[in-house]
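1. how would this look folded up:
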Amino acid sequence: MAETMEVPTPKRARPRTRVGIVTSNKMQKTVVVTVTRRAAHPQYGKVLNLRVKYKAHVEDHDFPKNVTVNEGDKVLIGQTRPLSKDKCWKVLKVLERVK
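-> This next block holds a predicted model:
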């Protein structure tokens, strides 16, 4: 008799999150978020300011008509499945609005 053994399915890990500033909102349903971090150079130890730009998805953002996220806003983005060639991040929350 062969008994069926239940194999536990692995739990998904939490998605990666980053906090950054919106630098461009001129696309439909997409914003560009710049994330800045400080890190020491591996060999020399000098502290550097490193920047990475991410394209993030915003569902209710339509640039000329309905702007929901403005340039300068501080946002929280999370990693998701690939939505296009360049876009695999999604805006989770607007932390600070620009005045």
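
2. Please count neighbours and contacts with C-alpha atoms only from this point.
-> Fine.

3. which residue sits closest to the residue most central in space within the chain, ignoring its sequence neighbours?
-> For the chain, Ile77 is the residue whose C-alpha lies nearest the centre (CA atoms, centre = their mean; 3.2 Å). Once flanking residues are discounted, Ile77 sits nearest to Val91: 4.4 Å by CA to CA, 6 or more residues apart in numbering.

4. mind listing the helices for this structure?
-> In the chain, no helices are defined using DSSP state H.

5. returning to what we had before: ok now do the residue nearest to Ile77, which residues does it touch?
-> Ala56, His57, Val58, Val75, Leu76, Ile77, Gly78 (CA atoms under 8 Å, 6 or more residues apart in numbering).

6. re the thing from before, would you confirm that the residue nearest to the centre of the chain contacts Trp89?
-> Yes: Ile77 lies in contact with Trp89 (CA atoms under 8 Å); the separation is 6.3 Å.

7. who touches both of the two?
-> Common neighbours of Ile77 and Trp89 (CA under 8 Å, 6+ apart) are Ala56.

8. Could you pull up the residues touching the residue nearest to the centre of the chain?
-> Thr17, Arg18, Val19, Gly20, Ala56, Trp89, Lys90, Val91, Leu92, Lys93.

9. Please repeat the previous calculation with a cut-off of 7 Å.
-> Neighbouring residues of Ile77 by CA atoms under 7 Å, 6 or more residues apart in numbering: Thr17, Arg18, Val19, Trp89, Lys90, Val91, Leu92.

10. separation between His57 and Pro82?
-> The gap separating His57 from Pro82 is 10 Å, by CA to CA, to the nearest Å.

11. Mind checking which of those two has more residues around it?
-> Just comparing His57 and Pro82: by other CA atoms under 10 Å the higher neighbour count belongs to His57, 24 against 10.

12. and Lys53, what does it touch?
-> Contacts of Lys53 by CA under 7 Å, 6+ apart are Val32, Val33, Thr34, Val35.
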